[in-house]
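Trainee: give me a 3D structure for the following:
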Amino acid sequence: MKKLTRRRFLEQFCTRKADSGFDPDVLQAVSDILKDVQAEGDQAVRKYTERFDGSTAEQLLVSETEMQEAKAKVTPETLMALEEAAANIRAFHEKQVSPSRIMLAEDGRQLGQLVLPMERIGIYVPGGKAVYPSTILMNSIPARLAGVKEIIMVTPVKENGDIAPVLVAAAEIAGVDKIYKIGGAQAIGALAYGTETIAPVDKIVGPGNAYVAAAKMLVFGQVGIDMIAGPSEVAIIADETADPAYIAADLLAQAEHDENARVVLLTHSRTLIESVERELEAQLEKLPRKAIASAAISGKSALVLTESVTESFELSNAFAPEHLEIQTADPLSSLGKIKHAGSVFLGAYAPTALGDYYGGTNHVLPTNGTARFSSGLSVDDFIKKTTYTFYEKQALQKARTAVTQLTEEEQLTGHGESINIRFK
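Mentor: Prediction:
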């Protein structure tokens, strides 16, 4: 990993590009696919599914028989792990549920807010070369707690034409209603526009490759989306009390996601940096995804020697990482120093991987600096807040003069007349 000064770190890690970051050829290809799906429905979905995934299955919906057969292939140990993780995620997210409420009730007036769930949401789950059952739990459980009536999952098939059994098991545990054997941009198009067999959804969530991300961006407005996620990120703020083996392992855990992952150590201890370098070299040799992790740590990653713990936090806030680990002598006292981070992991025994799978907080998090203005996935992502107003006649009479004065200032006389006509 390269060693950077404060200035170089700010230049290379904390500046944002104004463009979307998508290859123009990818955008054009995805745009063509989406137009085709919108026009041709199931026929287009099957065409692209056969072209890209090699699947010729006439039945896109996973049947109940297929569900049962798949679940039977999952080991009891994996089922238990999924159940425990789901229970933790559910326990954390159920505290986020908020009721509708009256916010003002006096003098013939009542103002309030209705908290309404979305009707139907779609979850995209990668399922070709790699499988991510944790994605299903993280996306579906908050939606179900929000009161979403129908959860539709789409996932590409494996080379043999089947869906990974563990995905089916996770879907049932998480409360998914329907699973369709489709992936790629065509799956996003089907969820956004609807087809003969797939109902359109209100929002699409879940990760995917560049084509899936581009498709989500292009259908935004037709439907809601969670975010356009970039490569995985972790920043670790550490002092001289931190264990270099732990830090190296946590950096590599994120680096193995993909070659473009960004992993950063911020510390004022030169000795710790030297020890972490040795640990990275040793641990990397044992990592099955060595090639990917090696590309990541030699690419957009860095070891930064700061002047103090305070400066480490300043640089982290400028970076606004997806994941932030704090491995210092008193990590809990540092919470007040954090301004921008997707999710924070405190202490030597709360690695990012705990949150990725089991801890209970959500692992769908803002990347590429967007933690400056956005948050991780929660129950709030699956609800709408609709305000309401009730006025009795005498309450409107009291407001009449002020309202009509403002309508005159804006030269919208029709607005004022809609008030005055009620008193003629």
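Trainee: my read: Lys203 touches Ile123, true?
Mentor: No: between Lys203 and Ile123 there is no contact under CB atoms under 8 Å: 9.7 Å. Where you see a C-beta, it was placed from the backbone N, CA and C, and this is true even at glycine.
Trainee: who has more neighbours, those two?
Mentor: Taking neighbours as other CB atoms under 10 Å, Lys203 and Ile123 compare with Ile123 leading, 26 against 21.
Trainee: low-confidence ranges, this structure, go.
Mentor: 16-21, 128-129 (pLDDT under 70).
Trainee: so for the chain, the centremost residue is which one?
Mentor: Taking CA atoms, centre = their mean, the centroid of the chain lies closest to Val364, which sits 3.0 Å from it.
Trainee: element containing that residue?
Mentor: Assigned by DSSP states H and E, Val364 falls within no helix or strand.
Trainee: so who does Leu396 touch?
Mentor: Applying CB atoms under 8 Å, 6 or more residues apart in numbering to Leu396 gives the contacts Ile419, Arg422.
Trainee: ranges for the helices of the stretch 201-350 of the chain?
Mentor: In the stretch 201-350 of the chain, the helices defined using DSSP state H, counting those that start in this stretch lie at 210-219, 244-255, 270-284, 290-297, 309-319.
Trainee: mean neighbour count and distance to Lys35 added to those, as CSV?
Mentor: Shown next, in CSV, are the helices of the stretch 201-350 of the chain (neighbours: other CB atoms under 10 Å; distance: least, CB to CB, whole Å):
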stretch, mean neighbour count, distance to Lys35
helix 210-219, 22, 10
helix 244-255, 23, 37
helix 270-284, 16, 45
helix 290-297, 19, 34
helix 309-319, 20, 38
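Trainee: could I get those helices as JSON lines with distance to Gln59?
Mentor: Shown next, in JSON lines, are the helices of the stretch 201-350 of the chain (distance: least, CB to CB, whole Å):
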{"stretch": "helix 210-219", "distance to Gln59": "23"}
{"stretch": "helix 244-255", "distance to Gln59": "38"}
{"stretch": "helix 270-284", "distance to Gln59": "44"}
{"stretch": "helix 290-297", "distance to Gln59": "35"}
{"stretch": "helix 309-319", "distance to Gln59": "47"}
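Trainee: so which of those comes closest to Ala81?
Mentor: helix 244-255 (17.7 Å; CB to CB).
Trainee: which elements pack onto that closest one?
Mentor: strand 233-238, strand 262-267, helix 270-284, helix 290-297, strand 323-327, helix 352-357 (3 or more CB pairs under 8 Å, 6 or more residues apart in numbering; DSSP states H and E).
Trainee: nearest approach to Asn368 belongs to which of those?
Mentor: The nearest among the helices and strands packed on helix 244-255, by CB to CB, is strand 233-238 at 7.7 Å.
Trainee: what angle do helix 244-255 and the closest one make with each other?
Mentor: Angle of strand 233-238 versus helix 244-255, following axes from the mean of the first three to the mean of the last three CA atoms, to 10 degrees, is 170 degrees.
Trainee: counting by contacts, list what strand 233-238 packs against.
Mentor: Applying 3+ CB pairs under 8 Å, 6+ apart, we find strand 233-238 packed against helix 244-255, strand 262-267, helix 309-319, strand 323-327.
Trainee: out of these, flag the one nearest Ala57.
Mentor: helix 244-255 (35.3 Å).
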